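Colleague: Predicted model and sequence below, questions to follow.
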Amino acid sequence: MRFRGCLTAAAAALLLGSAAVPHSFASRASATRAGTGQAGREAAEGVQGSRLRVAVLPFTLRGAPPEAGPAVAEALAAVLPRRGLELVDRAAVVERLRSGRLRDTALLTRREMAELAAALGADRLLLGAVYRFDGGEAPAVSLSGRLIDPSRLGVEAMAFTVVEGRRLLGPLGTGGPVTRERTLAVAARRFAVALVPTRAGLPALERDDLLKNSLFAPAPAAFISPRLPARGVGSVIVLPFRNNTPHPAAGQAAADLTSWSLLASSRITLFDAGDATRRLLERGWRTGMPVGRAEVVSLGLDPAADAILMGSVERWEEGAAERPPEIAFSMRLLDARSGDILWAAEHERRGDQARILYEAGNVRLAEALMARAACEALEPLVRALVAGGAASEPQSIPPARGEVGQ
């Protein structure tokens with residue numbers, strides 16, 4: 001089925017251009033999910049038909065400039081109510097975070113989330129990150145967000161979108177000028193549609209779009225433990241990746257986009273990483289450092305996730321006029337109770353490896369490339385989970401970049 005989706009999307013890209021389908025997706029972290037983005041739609045309808053009240057927390061900046069935070073908040077405040085969500089006043093959210101001394105929303109614990117939601121009268125919290133907020137002659141905006149039920153820290157829906165201003169131009173460059181503000185407005189609308197789709201579902205936003213030309217890209221090296229099917233993996237926590245690159249936010253951005261890809265690829269429940277990350281930091285762990293078996297077992301996670309996914313980023317190079325972006329990373333999935341390796345993969349990708357003709361299939365931004373590569377790397381794991389079994393002849397574990405999980 002994925003093969004057919006790849007060919008269909010590739011044909012659409014050739015006929016309509018690579019801007020025809022945005023890189024947006026919403027997915028539900030529940031084994032009872034009925035379809036793409038349904039969780040966001042159900043969330044918008046709320047309990048017993050009432051509108052869901054959502055507190056939008058300040059988005060974390062992953063390489064974006066400081067002005068991106070207020071600009072994205074204002075753009076989302078303009079579009080999310082149109083998707084049926086009732087938003088908590090932004091000033092009240094900021095004041096509550098300040099009074100509670102909650103500076104880093106990426107490290108909120110389950111208790112802090114529950115207290116914050118109760119104080120604000122919110123049914124759900126929306127957290128996210130901004131990766132790009134470029135202006136000038138080549139405006140571009142990219143962001144991701146996750147809708148969280150504070151009572152259980154389950155990620156109900158997640159969306160990721162990246163918009164390049166040049167792709168908003170019509171034939172022969174018509175439809176301009178394209179400014180950063182216009183690019184942000186388009187990104188916000190696509191984000192809202194992906195997070196909370198209509199009853200008709202998402203308008204042609206499929207995970208296969210990110211994999212549409214992966215037939216032309218190198219396959220990731222992967223290992224699947226023969227113990228995986230017996231133990232089962234129903235829920236996962238994704239820790240920030242170790243960053244071995246000059247890009248200051250590569251590790252955290254890779255973890256965000258891997259989380260999105262995991263939800264987009266499977267029915268695995270994703271728990272927020274705030275609790276686990278906070279506990280590790282309290283023990284002297286630094287973000288992205290290797291986590292050994294003993295540390296994993298001693299975390300005593302609540303909620304009790306089945307597995308922890310961690311990784312490292314070895315290369316994160318932004319593209320230039322004549323040079324495509326490049327990334328390289330590795331991932332490992334560890335059993336949260338024993339610390340055993342259940343799955344591992346490493347992958348590297350260049351933005352022009354999926355090009356078919358001219359710009360069709362080209363990926364020009366590193367975060368879009370990471371989202372696509374993460375889907376590709378997770379594919380063997382997803383196939384094993386869907387089939388209910390691992391490979392009959394497991395391969396050797398690939399060398400772990402940065403000794404993640406050792």
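Modeller: Noted; the coordinates are in hand. Numbering: from 1, shown residues only.
Colleague: can you give me the strands in the protein?
Modeller: Assigned by DSSP state E, the chain shows strands spanning 53-56, 60-61, 86-87, 124-134, 140-149, 154-164, 221-224, 235-238, 242-243, 269-271, 307-317, 326-335, 341-350.
Colleague: So which of these is nearest residue 73?
Modeller: For residue 73, the closest of those is strand 53-56, at 6.7 Å, according to CB to CB. Heads up, the C-betas are built off the backbone N, CA and C, glycines and all.
Colleague: Let me see the contact set for residue 131.
Modeller: Applying CB atoms under 8 Å, 6 or more residues apart in numbering to residue 131 gives the contacts 62-64, 142-144, 162, 249, 253, 367.
Colleague: go again using 7 Å as the cut-off
Modeller: In this structure, residue 131 makes contact with 62-64, 142-143, 253, 367, judged by CB atoms under 7 Å, 6 or more residues apart in numbering.
Colleague: Just send the strands of the chain back as JSON lines, with distance to residue 277 too.
Modeller: Converted to JSON lines, these look like this (distance: least, CB to CB, whole Å):
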{"stretch": "strand 53-56", "distance to residue 277": "21"}
{"stretch": "strand 60-61", "distance to residue 277": "13"}
{"stretch": "strand 86-87", "distance to residue 277": "27"}
{"stretch": "strand 124-134", "distance to residue 277": "13"}
{"stretch": "strand 140-149", "distance to residue 277": "15"}
{"stretch": "strand 154-164", "distance to residue 277": "15"}
{"stretch": "strand 221-224", "distance to residue 277": "25"}
{"stretch": "strand 235-238", "distance to residue 277": "9"}
{"stretch": "strand 242-243", "distance to residue 277": "13"}
{"stretch": "strand 269-271", "distance to residue 277": "11"}
{"stretch": "strand 307-317", "distance to residue 277": "11"}
{"stretch": "strand 326-335", "distance to residue 277": "15"}
{"stretch": "strand 341-350", "distance to residue 277": "20"}
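Colleague: before we move on, the earlier item: just curious, which of the contacts of residue 131 is nearest to residue 376?
Modeller: Nearest to residue 376 among those, with distances taken as CB to CB, is residue 367, at 15.1 Å.
Colleague: The longest helix seen in the chain: which residues count as buried?
Modeller: The longest helix of the chain (DSSP state H) is helix 366-387. By neighbour count on 16 or more other CB atoms under 10 Å, the buried set for helix 366-387 is 366-385.
Colleague: Tell me what angle it forms with strand 307-317.
Modeller: 150 degrees (axes from the mean of the first three to the mean of the last three CA atoms, to 10 degrees).
Colleague: Dump the contacts of residue 131 into CSV; add pLDDT and distance to residue 103 as well.
Modeller: Below are these laid out as CSV (pLDDT from 0 to 100; distance: CB to CB, whole Å):
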residue, pLDDT, distance to residue 103
62, 91, 16
63, 90, 19
64, 94, 18
142, 95, 24
143, 95, 20
253, 93, 20
367, 93, 24
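Colleague: Domain map for this protein?
Modeller: Using automatic domain parsing, the domain parsing of the chain gives 1-13+207-406, 23-204.
Colleague: Can you flag the weakest of those by average pLDDT?
Modeller: Note on the domains of the chain: lowest mean pLDDT is at domain 1-13+207-406, with a mean of 73.
Colleague: Quick one, which of the strands of the chain gets closest to residue 98.
Modeller: Nearest to residue 98, of all those, is strand 53-56, at 14.1 Å by CB to CB.
Colleague: helices or strands next to that closest one in the packing?
Modeller: strand 86-87, helix 90-99, strand 124-134 (3 or more CB pairs under 7 Å, 6 or more residues apart in numbering; DSSP states H and E).
Colleague: Repeat the analysis, applying 6 Å as the threshold.
Modeller: Judged by 3 or more CB pairs under 6 Å, 6 or more residues apart in numbering; DSSP states H and E, strand 53-56 is in contact with strand 124-134.
Colleague: by how many degrees do the strand it packs on and strand 140-149 diverge?
Modeller: Strand 124-134 runs at 170 degrees relative to strand 140-149, counting by the same axes, to 10 degrees.
Colleague: Just checking: what are the partner strands of strand 124-134?
Modeller: If you go by DSSP bridges, strand 124-134 pairs up with strand 53-56 (parallel), strand 60-61 (parallel), strand 140-149 (antiparallel).
Colleague: which other residues reach the last one?
Modeller: Spelled out, it's strand 140-149. The contact list for strand 140-149 (CB atoms under 6 Å, 6 or more residues apart in numbering) reads 43, 124-134, 155-160, 162-164, 183-184, 187, 256, 260, 272, 367.
Colleague: repeat for the second one
Modeller: By CB under 6 Å, 6+ apart, the residues outside strand 60-61 that reach it are 68, 106, 129-130.
Colleague: Kindly recompute the last result at 8 Å.
Modeller: 68-69, 104-106, 127-130, 249, 252.
Colleague: Buried ones among the residues you listed?
Modeller: Buried by 16+ other CB under 10 Å: 68-69, 105-106, 127-130, 249, 252, out of the contacts of strand 60-61.
Colleague: What distance do you get for residue 315 to residue 296?
Modeller: 26 Å (CB to CB, to the nearest Å).
Colleague: Same question for residue 81.
Modeller: Taking CB to CB, one finds residue 81 at 41 Å from residue 296.
Colleague: Same check on residue 380?
Modeller: Distance of residue 380 to residue 296, computed by CB to CB: 22 Å.
Colleague: For residue 76, which non-adjacent residue is closest in space?
Modeller: Closest residue to residue 76 apart from its sequence neighbours, by CB to CB, 6 or more residues apart in numbering: residue 188 at 5.5 Å.
Colleague: want to throw the contacts of residue 131 into a markdown table with distance to residue 325?
Modeller: Converted to a markdown table, the contacts of residue 131 look like this (distance: CB to CB, whole Å):
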| residue | distance to residue 325 |
| --- | --- |
| 62 | 15 |
| 63 | 13 |
| 64 | 16 |
| 142 | 12 |
| 143 | 18 |
| 253 | 12 |
| 367 | 9 |
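Colleague: Relative to residue 100, which of those is nearest.
Modeller: For the contacts of residue 131, the closest approach to residue 100 (CB to CB) belongs to residue 62, at 23.2 Å.
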